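Need the 3D shape of this:
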Amino acid sequence: MEYYDFVVWTKKDIFAERVLPDTEFWERSLPRVIDFYKKGVLPELLAKWFTRSNRANQSVTAPDEDASWCYCQTFIEDSTLIGCDNPECAIQWFHMSCVGLVTKPDGDWVCPTCINC
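Got it, this is the predicted structure:
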């Protein structure tokens with residue numbers, strides 16, 4: 001868009017300001033916004049990851065080439081992957097960082113989506 005108009009109306013007055021695009025700000029911010037959405041918003045929308053209690057987890061090493069990958073759908077070099085123990089899981093493999101894990105978990109692990117099913 002070339003611009004947008006920001007308008008605030010009250011009973012006493014009206015304020016309008018034309019806002020022009022800031023391409024430099026957009027290019028700087030967009031990668032961080034996408035990262036926040038993939039790691040914060042999407043897991044919460046799909047499985048209420050941050051508003052539920054954590055459960056015991058199990059780490060794994062590498063996924064099959066044909067397996068579905070993580071909420072973020074991206075390759076993260078040198079990342080540790082964790083597999084969902086539900087054999088019917090639609091995603092199967094997750095980056096530990098994307099599901100909020102810092103250390104290798106113990107026991108069975110079910111992804112946030114499968115826990116709420």
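
Please name the nearest non-neighbouring residue to Tyr4.
Val19 (5.4 Å; Cβ to Cβ, 6 or more residues apart in numbering). Backbone N, C-alpha and C define where each C-beta goes, glycine included.

typed the wrong thing, it's Cys111
Take Cys111 and drop its neighbours on the chain: the residue closest to it by Cβ to Cβ, 6+ apart is Cys84, 4.0 Å away.

Worst mean pLDDT across the helices and strands of the chain, which element?
The helix or strand of the chain with the lowest confidence, counting by mean pLDDT, DSSP states H and E, is helix 42-47 at a mean of 74.

mind checking how far whatever helix or strand comes next after that one is from the chain centre?
On the C-terminal side of helix 42-47, the closest following helix or strand by DSSP states H and E is strand 81-83. Remark: strand 81-83 is offset 16 Å from the chain centroid, using Cα atoms, centre = their mean, to the nearest Å.

same check, this time on stretch 2-20
Taking Cα atoms, centre = their mean, the mean C-alpha location of stretch 2-20 is offset from the chain mean by 33 Å.

neighbouring contacts of that stretch?
Pro21 (Cβ atoms under 8 Å, 6 or more residues apart in numbering).

Average pLDDT for that stretch, rounded please.
What stretch 2-20 shows for mean pLDDT is 95.

Buried residues, stretch 76-83. List them.
Buried residues in stretch 76-83, counting neighbours by 16 or more other Cβ atoms under 10 Å, are found at Thr80, Leu81, Ile82, Gly83.

Kindly check the end-to-end length of it for me.
Criterion Cα to Cα, to the nearest Å; first-to-last residue distance in stretch 76-83 is 16 Å.

What's the local residue count around Pro31?
Neighbours of Pro31 under the rule other Cβ atoms under 10 Å: 9.

Ok, the one 4 residues further on next?
For Asp35, the neighbour count with other Cβ under 10 Å is 12.

In what element of secondary structure is it found?
Assigned by DSSP H and E, Asp35 falls in helix 23-36.

same deal with Val8?
In the assignment (DSSP H and E), Val8 maps to strand 4-9.

What pairs with the next helix or strand after that strand, parallel or antiparallel?
Using DSSP H and E, the helix or strand that follows strand 4-9 in sequence is strand 14-19. Sheet pairing of strand 14-19 (DSSP bridges) gives strand 4-9 (antiparallel).
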